[in-house]
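> mind folding the following:
(chains A, B, C and D)
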Number of protein chains: 2
Amino acid sequence: MSVKQSYTGPVTTQASDLEQPGVEDLTLADVMHALGDRARLEIVRSLHVDGERQCGSFDLGLSKATRSHHFKVLRESGITNTRIEGTARFVTLREGDLEARFPGLLPAILNAAVADA
Amino acid sequence: MSVKQSYTGPVTTQASDLEQPGVEDLTLADVMHALGDRARLEIVRSLHVDGERQCGSFDLGLSKATRSHHFKVLRESGITNTRIEGTARFVTLREGDLEARFPGLLPAILNAAVADA
DNA sequence: AGGACTGTTTGACACTCATCGAACAATCAG
DNA sequence: CTGATTGTTCGATGAGTGTCAAACAGTCCT
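Residues are numbered from 1 along each chain as shown, chains lettered A, B, ... in the order given. The predicted model follows:
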C-alpha cells in the first residue's frame, strides 16, 4: 500500500528515491520471480558484497536498456532501493526490509548464489 | 549431467521415477524461477507439510493439464521427485538434494511461504 | 474386451519477458 | 548555450509462460 519515502538528507543537488513497494506489500512469488534471472541474481549478489553501487557500474554484457529494465524489475519487486543523484542512480539492497518481511530468506539466497557460482 | 535413478524397491506394480536433473546440475536461477509462481509455491508448501502426495490430490483451481504443467516445471528444475506407481504419480520435495546443493535455501523459502500467507 | 481412472501431450491463445537500437530526458562541465 | 554523460522510455522482435479443452496413453477392474 504505502510508498517508501526515506529521507536522504540535504544535498547540493536534488536527491530522491524512485517509487518502490512498501514492506508489507512484498510477496514471495514476486521476489522469487525477480530473482529467477541470472543477470538480476548477479546484480543482487554484487550489491550485497559491494553495498551501494551506481547502475552504470555493472558490466553484465547487456545493453543499457536491458540493464535499466532489470533494475526496474528488482525495484518494483521490492528487492532494491534506487536513489537519484544528478543523472546517476545509486542502487542498494533493501536487506532490512526483506529481513523484516521474510526473515532469513535473502541471506539464504545470497549464500546459495555463492554455491551456484 | 547425471540423471538420478533412485531405487524405490520392489513393488507389485511397475514403479520408477520420472527423469530429473542431478544434484550438481541444479542452478539457483532455475530454482528461483520455478518458485516464482503462486501455484507452484503452494505445491511446494504443501509437499513440505504433508510429505509425499499424489498429483491429483492438489486442488489449486486449475485444470489437470495446467497442474501437470506445474509439476513438470518443478521436477525439471530439480525441486521435486516424481514416482510412478500404476496410473498415479507421487510427488515429493527433494529436500535432501536441495539442502546439499543450496544449504538453508529451501527452509528459508518454506518459512517465507508461511509469512507470505 | 470394455470402462473407469490418472495423468500427459498437443494445439491454441493471450500475455509476459529479455533483448536491442534509437530516441528522449535530465544533469553537469566547459 | 553546447556537449558529454547517465539512464529511461519506446517500439519491435523472438522466445517463453500460464491456461484450457480435447485427444491420447497407461493401468486397473470387472
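
> switch to C-alpha atoms for all contacts and neighbour counts from now on
Noted.

> ok, now which ones touch the residue nearest to A:Asp17 when sequence neighbours are not counted?
The shortest distance from A:Asp17 to any non-neighbouring residue, by C-alpha to C-alpha, 6 or more residues apart in numbering or on different chains, is to A:Arg83 (4.5 Å). By C-alpha atoms under 8 Å, 6 or more residues apart in numbering or on different chains, the residues touching A:Arg83 are A:Ala15, A:Ser16, A:Asp17, A:Leu18, A:Arg89, A:Phe90, A:Val91.

> the host helix or strand of A:Arg83 - what's its average pLDDT?
Element membership for A:Arg83 (DSSP states H and E) is strand A:80-85. Averaging the model's pLDDT scores along strand A:80-85 yields 97.

> now swap in stretch A:33-46 and tell me
Mean predicted confidence for stretch A:33-46 is 98.

> how about that stretch, does it reach DNA strand D?
No - judged by C-alpha under 7 Å from any atom of the strand, stretch A:33-46 makes no contact with DNA strand D; its nearest approach is 8.9 Å.

> the residue of chain A found nearest DNA strand D: neighbour count?
The nearest approach of chain A to DNA strand D comes at A:Gly56, 2.9 Å away (C-alpha to the nearest atom of the strand). Neighbour count for A:Gly56, taken as other C-alpha atoms under 10 Å in any protein chain shown: 12.

> ok so it is a strand residue?
No - if the criterion is DSSP: H, G, I helix; E, B strand; the rest coil, then A:Gly56 is helix and not within a strand.

> measure stretch A:56-69 end to end?
Distance between the two ends of stretch A:56-69: 13 Å, counting by C-alpha to C-alpha, to the nearest Å.

> identify the residue nearest A:Ala29 in space, chain neighbours excluded?
Closest to A:Ala29 by C-alpha to C-alpha, 6+ apart is B:Gly36, at 4.7 Å.

> for that neighbour, give me its contacts.
By C-alpha under 8 Å, 6+ apart, the neighbours of B:Gly36 are A:Leu28, A:Ala29, A:Asp30, A:Val31, A:Met32, A:His33, A:Ala34, A:Gly36.

> quick one: which helix or strand includes it?
Counting by DSSP H and E, no helix or strand carries B:Gly36.

> what about it, distance to B:Leu74?
As for B:Gly36, its distance to B:Leu74 is 11 Å (criterion: C-alpha to C-alpha).

> wait, does whichever strand or helix holds A:Arg89 contact DNA strand C?
In this structure, A:Arg89 sits in strand A:88-93 according to DSSP H and E. No - for strand A:88-93 and DNA strand C, the contact criterion (C-alpha under 7 Å from any atom of the strand) is not met; the two come no nearer than 7.9 Å.

> now what about that strand, what contacts it?
For strand A:88-93, contacts defined as C-alpha under 8 Å, 6+ apart pick out A:44, A:47-48, A:51-55, A:79-84.
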